[in-house]
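In: Model the following, please.
(2 chains)
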There are 2 protein chains.
Amino acid sequence: LGGGSVIDSAKIMALSIASGYDGWEIMNHKAKPTASLPVVCVLTLAATGTEMNGAAVVQDHQTGKKIGYVTDLAFPVESFLDPAFTVSVPKNYTAYGIVDLIAHALEAYFGEGEPPVIDQITFDIIKDAMQWGPKLLNDLDNVELRANIMLDATLALNGLTRYGKKNGDWAVHGLGHEISLLFDTAHGATLSIGYIAWLQLQKDRIPERIIKLGENVFGVHTVDETIAALRKFFQSINSPVQLSEDGIGIDQRQKIIDQMHKNGVSGMHHSLSQQDRETIVDFML
Amino acid sequence: LGGGSVIDSAKIMALSIASGYDGWEIMNHKAKPTASLPVVCVLTLAATGTEMNGAAVVQDHQTGKKIGYVTDLAFPVESFLDPAFTVSVPKNYTAYGIVDLIAHALEAYFGEGEPPVIDQITFDIIKDAMQWGPKLLNDLDNVELRANIMLDATLALNGLTRYGKKNGDWAVHGLGHEISLLFDTAHGATLSIGYIAWLQLQKDRIPERIIKLGENVFGVHTVDETIAALRKFFQSINSPVQLSEDGIGIDQRQKIIDQMHKNGVSGMHHSLSQQDRETIVDFML
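Out: The predicted model follows:
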């Protein structure tokens, strides 16, 4: 009963109890569980997609790591998605949920493999979230709008956007986790900041993919227009696009770079070099 | 190892063996299985979607019925989808597979409930099949085009197009099964004939839904233009749109009506009256 962190923790606990291994041993791949207690989800935040996948992300304050773990064993046996359970989510976290689902779709889109129908479906999920999200933010009690966003969030990370592909990218989620660890910044907020910076880094490397996104989602035709349009959307729902908006200044530059380096933030398809990490931090500041 | 009928038969046999019930008792809901042997699919025909759902349709020549059965127990434990396994499918059956997957998408679209993102995804599946299908028919050995159609076929009936909806419609599949039973017409061929007739029957009852389909898939703006565009597409891939193209004439009219009546062809959302069945047969002839 909860949002992503709560359900993800429940998944790891269910694996831990059923297998007799310590949860962190499982998360760190030191022990491989072969069983899980059944997990039943009642979702109270539309964002994570955890309600329909076998993934869990948990934060360890002791070691300063926020890591993910994926296993079919952790797939919930049932998930109850009633949009009425999300009407009490405040405006800013509703917006962060919208950013999170869009970021999930983008991680898949920038992964390896480009099946045409899956690209189109991914654009549909992003466009649907962009269509109904701002309306919802002005009408937070509207259960129908909540339902649309809830469905988008599930579709963005239930495996659909990865069909016919080898992997997603996930560099932005990786760096977002580091920002959250360092400054307790909301997960969605780190993603709106991170994706704009990541696109700026990648703009000369994968212009065709960025332009295809721009043409299909925003009706624009260049890399710069695409990045500007996404940035404008995030700003329109009051999710930050620079770290400075959250009070994080240039004095934190080295700390962020070191943290990213320590935990090896990279990405599964478009790997980041150490120089890339420095560049992306400069774009975020 | 096979197409829809083969895999569907395997599903029912697996239920029958594991539960000890006769397969037809299960199909006719006289016995409810509580277990199944694991079913592993190697798909050799892109059309049915059975590789990723718990449904099975089997034809009983003795009783003159072609009926469906759905249970989570029949969900395959693994399905191997290698488009190279479908390159030997001849041109006409490749076309019928494309019709079948489009018909699956339409059955979902005309069902109960209209979540916006699912409508859009359904349109994308249809558009993708319409984009790559004709190219494939002129290049039957092209594995990449085979892969696109294979993915479309799975997406059209793996539950995705039904998310957030109460049901699909399935009247056209129902009447198509009766035509196949009577005349051994290929399943896909009955669907191209059936959908054009069904849309003509429904055109004054659900014009908004038909126009939404036309605008998003064909870029047209009226009910008649939508039906004409779909008819033209089916004709372009040489799938019949009238029974007469398969040599079935007006002399068979009463026989078809009686058969539809006997097996209660109706539809789950837009039910058909006896008068509707007669009208639809007249449209098909």
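
In: C-alpha from now on. contacts and neighbour counts both.
Out: Will do.

In: Which positions within stretch A:256-267 qualify as buried?
Out: A:256-257, A:259-261, A:264-267 (16 or more other CA atoms under 10 Å in any protein chain shown).

In: And that stretch, how far out from the chain middle?
Out: 17 Å (CA atoms, centre = their mean, to the nearest Å).

In: First-to-last residue distance for that stretch?
Out: 17 Å (CA to CA, to the nearest Å).

In: quick revisit: can you tell me which of the buried residues of stretch A:256-267 are in strands?
Out: Within the buried residues of stretch A:256-267, no residue falls in strands by DSSP state E.

In: Just send the residues you listed back as JSON lines, with distance to chain B and pLDDT too.
Out: As requested, the buried residues of stretch A:256-267 are exported to JSON lines (distance: CA to the nearest CA, whole Å; pLDDT from 0 to 100):
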{"residue": "A:256", "distance to chain B": "37", "pLDDT": "97"}
{"residue": "A:257", "distance to chain B": "39", "pLDDT": "96"}
{"residue": "A:259", "distance to chain B": "38", "pLDDT": "94"}
{"residue": "A:260", "distance to chain B": "36", "pLDDT": "95"}
{"residue": "A:261", "distance to chain B": "39", "pLDDT": "94"}
{"residue": "A:264", "distance to chain B": "34", "pLDDT": "91"}
{"residue": "A:265", "distance to chain B": "32", "pLDDT": "93"}
{"residue": "A:266", "distance to chain B": "30", "pLDDT": "93"}
{"residue": "A:267", "distance to chain B": "26", "pLDDT": "93"}
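
In: would you list these in CSV and tack on distance to residue A:101?
Out: Below are the buried residues of stretch A:256-267 laid out as CSV (distance: CA to CA, whole Å):
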residue, distance to residue A:101
A:256, 24
A:257, 26
A:259, 25
A:260, 23
A:261, 26
A:264, 24
A:265, 20
A:266, 20
A:267, 18
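
In: ok, so of those, who is nearest residue B:117?
Out: residue A:267 (28.3 Å; CA to CA).

In: quick one, what contacts the closest one?
Out: Residue A:267 sits next to A:169-172, A:174 when contact means CA atoms under 8 Å, 6 or more residues apart in numbering or on different chains.

In: repeat that for 6 Å
Out: A:169-171 (CA atoms under 6 Å, 6 or more residues apart in numbering or on different chains).

In: Just the buried ones from those residues?
Out: A:169-171.

In: Same list, these, but as a markdown table with secondary structure, pLDDT and distance to residue A:161 please.
Out: Below are those laid out as a markdown table (DSSP: H, G, I helix; E, B strand; the rest coil; pLDDT from 0 to 100; distance: CA to CA, whole Å):
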| residue | secondary structure | pLDDT | distance to residue A:161 |
| --- | --- | --- | --- |
| A:169 | coil | 97 | 12 |
| A:170 | coil | 96 | 13 |
| A:171 | helix | 97 | 17 |
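
In: Is residue A:210 part of a helix or strand, or is it coil?
Out: helix (DSSP: H, G, I helix; E, B strand; the rest coil).

In: Please read the previous query as pertaining to residue A:139.
Out: coil.

In: How confident was the prediction at it?
Out: Residue A:139 is assigned a pLDDT of 98 by the prediction.

In: could you pull out the helices for the stretch 101-250 of chain A?
Out: For the stretch 101-250 of chain A, the helices defined by DSSP state H, counting those that start in this stretch cover A:116-137, A:143-156, A:171-183, A:187-202, A:207-213, A:223-236.

In: Go through the ones you listed and name the closest to chain B.
Out: Chain B sits nearest to helix A:116-137 of all those, at 5.6 Å, using CA to the nearest CA.

In: buried stuff in stretch A:122-138?
Out: Applying 16+ other CA under 10 Å to stretch A:122-138 flags A:122-130, A:132-134, A:136-137 as buried.

In: gap between that stretch and the chain center?
Out: Mean-position distance between stretch A:122-138 and its chain equals 16 Å (CA atoms, centre = their mean).

In: Around chain B, pick out the residues from the stretch 51-200 of chain A.
Out: Counting by CA under 6 Å from any CA of the partner chain, the residues of the stretch 51-200 of chain A lying close to chain B are A:117, A:121, A:128.

In: Pull the contacting residues for the last one.
Out: When contacts are counted by CA under 6 Å, 6+ apart, residue A:128 touches residue B:117.

In: partner residues bridging residue A:41?
Out: Beta bridges link residue A:41 to residue A:79, judged by DSSP bridges.

In: Hmm, residue A:79 and it touching each other?
Out: Yes - Residue A:41 is within contact range of residue A:79, at 4.4 Å (criterion: CA atoms under 6 Å).

In: Show me which of these two is the more surrounded one.
Out: The neighbour comparison of residue A:41 against residue A:79 (other CA atoms under 10 Å in any protein chain shown) goes to residue A:41, with 23 against 16.

In: Nearest approach to residue B:34 belongs to which of the helices of the stretch 101-250 of chain A?
Out: It's helix A:143-156; of those, that one is closest to residue B:34 (CA to CA) at 29.5 Å.

In: what's the closest one in contact with?
Out: So helix A:143-156 is contacted by A:46-47, A:49, A:83-84, A:101, A:104-105, A:125, A:129, A:136 (CA under 6 Å, 6+ apart).

In: Would you check which pair of these lies furthest apart?
Out: A:84 and A:105 (24.1 Å).

In: So these two - more neighbours on which side?
Out: Between residue A:84 and residue A:105, counted using other CA under 10 Å, the more crowded position is residue A:105 (27 against 14).

In: mind checking how far the more buried one is from chain B?
Out: 14 Å (CA to the nearest CA, to the nearest Å).

In: Ok, residue A:270 next?
Out: Residue A:270 is 24 Å from chain B, by CA to the nearest CA.

In: in which helix or strand would I find that residue?
Out: Here residue A:270, judged by DSSP states H and E, is contained in no helix and no strand.

In: Give me the phi and psi for it.
Out: Phi and psi for residue A:270, reported as degrees, to the nearest 10, are phi -110, psi 90.

In: can you check residue A:184 too?
Out: phi 60, psi 30.

In: how many other residues sit next to the closest residue to residue A:36 other than its chain neighbours?
Out: Excluding its sequence neighbours, the residue lying closest to residue A:36 (CA to CA, 6 or more residues apart in numbering or on different chains) is residue A:15, at 4.3 Å. Residues within reach of residue A:15, counting by other CA under 10 Å, total 26.

In: Quick one: residues contacting residue A:259.
Out: By CA under 6 Å, 6+ apart, the contact list for residue A:259 is empty.

In: ok, it to residue A:275 distance?
Out: 14 Å.

In: Confirm residue A:29 sits in a strand?
Out: No - counting by three-state DSSP, residue A:29 is located in no strand; its state is coil.

In: where does it land on pLDDT?
Out: 93.

In: No further queries at this time; thank you.
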